[in-house]
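[1] Sharing a model prediction with you, sequence too.
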Amino acid sequence: MMSRNSIFKILISTGPVLIFSVFSSLVVFLIYNLGENFTDLVAGKEFASVIFGLFKELKDPIAGTLMITVFSVGISTPAGIITGVYLHEYASKKVKKHGIDLFRYLSSLPSIIIGVFGLVMIISLNHFFGSSIRTGIFISAISLSILILPYIVHSTVNALSMIPESTRFTALSLGAKKYQNILFVLLPESISGILGGVVLSIGRAAEDTAVIMLTGAAAFAGIPSKLNDAFEALPFFIYYKSSEYQGSLEMTEIFLSSIIIILISTIFITTAGKISGKIKKGNRGIK
């Protein structure tokens, strides 16, 4: 019979392989179906015209996805870091416990609930300020930032809690004030852990459909020129193309959009990882 140690080693070694296999299978499935439907689409047509048609259809959703991701992460990152610092460094034990529990609960909320909140927020603002307030990219970004905020708060609290006591109190013992210790010691030390939460929030913001569907995304809206303009985004593009599926064109657009979302998320996540690595090297250099 196999020992428990041997079974544990097998599970540890095969787990990552299985996960990688599932993810690779998903990517292969998307690429294979894209190629198959694209081949049917170009049959009997001019290749360049098909490519131009796909670019024309997808350029606005791609731009909208990039914009809404940058806006929502840009709003939630400073808010999440400030909240995490307060909970870990300033709040009482009771407030800290209840605050962490609250954000843990918020992170488990279905995104449609946040979408409904954004819609109600628009209706309430219209009641007070008139019809000038309407669904648009700004309201969508605020709603999405609420959705992804718990990831950054949790990563900030966890990263701060991992700092060794010797590092935490060195600057204070030399006469630094608490805010100086936080700004120049604790946050630089915990930045790589905080970026882990930012990475998770990037993926969630780029792929969400329910929130943007209720707060600003629309078909054929184009690239927004104002903050209260409607916008297009790849997740919503996939949704409405699926609902009006007729043949190879829609399927090609659906699979191509799915691959582009993965690429956008990968680029953002890779960039965040490189920034984290440079900050780590900079901190070592200072030391």
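    Perfect, I can see it now.

[2] neighbours of the nearest residue to residue 91 once chain neighbours are set aside, just the number please.
    Closest residue to residue 91 apart from its sequence neighbours, by Cβ to Cβ, 6 or more residues apart in numbering: residue 99 at 6.3 Å. (Glycine included, C-beta is placed from N, CA and C.) Neighbourhood size, residue 99 [other Cβ atoms under 10 Å]: 19.

[3] what stretches of this protein score poorly on pLDDT?
    By pLDDT under 70, the weakly predicted segments of the chain are 1-3, 130-132, 279-287.

[4] What distance do you get for the residue nearest to residue 91 to residue 81?
    Using Cβ to Cβ, to the nearest Å, residue 99 is found at 14 Å from residue 81.

[5] cool, residue 70 as well?
    17 Å.

[6] Who has more neighbours out of the two?
    Counted by other Cβ under 10 Å, residue 70 and residue 81 do not tie: residue 81 has more neighbours, with 22 against 14.

[7] which helices and strands does the host helix or strand of the more buried one pack with?
    Using DSSP states H and E, residue 81 maps to helix 47-85. With contacts taken as 3 or more Cβ pairs under 8 Å, 6 or more residues apart in numbering; DSSP states H and E, helix 47-85 sits against helix 4-42, helix 137-161, helix 187-207, helix 234-243, helix 248-286.

[8] Quick one: residues contacting residue 239.
    The contact partners of residue 239, by Cβ atoms under 8 Å, 6 or more residues apart in numbering, come to 209, 213.

[9] same deal with residue 228?
    For residue 228, the contact set (Cβ under 8 Å, 6+ apart) comprises 132-139.

[10] What separation is there between it and residue 146?
    Using Cβ to Cβ, residue 228 is found at 18 Å from residue 146.

[11] go on, residue 176?
    For residue 176, the distance to residue 146 - Cβ to Cβ - is 34 Å.

[12] which one of these two has more residues nearby?
    residue 146 (19 against 15).

[13] In terms of helix, strand or coil, where does the residue nearest to that one when sequence neighbours are not counted fall?
    Spatial nearest neighbour of residue 146, excluding adjacent residues (Cβ to Cβ, 6+ apart): residue 114 at 5.6 Å. What DSSP: H, G, I helix; E, B strand; the rest coil gives for residue 114 is helix.

[14] May I ask you to confirm that the residue nearest to residue 91 is in contact with residue 87?
    Yes: counting by Cβ atoms under 8 Å, residue 87 is a contact partner of residue 99 at 4.7 Å.

[15] Identify the residues contacting the residue nearest in space to the middle of the chain.
    What sits nearest the mean C-alpha location of the chain, by Cα atoms, centre = their mean, is residue 202, with 2.1 Å. Listed by Cβ under 8 Å, 6+ apart, the contact set of residue 202 reads 69, 73, 265, 268-269, 272.

[16] Format the residues you listed as CSV; extra columns: neighbour count and distance to residue 16.
    Putting the contacts of residue 202 into CSV (neighbours: other Cβ atoms under 10 Å; distance: Cβ to Cβ, whole Å) gives the following:
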residue, neighbour count, distance to residue 16
69, 25, 28
73, 24, 28
265, 19, 20
268, 21, 23
269, 17, 18
272, 18, 22
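
[17] if we can go back for a sec, out of the contacts of residue 228, which two sit at the greatest distance?
    Spanning the widest gap among these are 132 and 137, at 15.3 Å by Cβ to Cβ.
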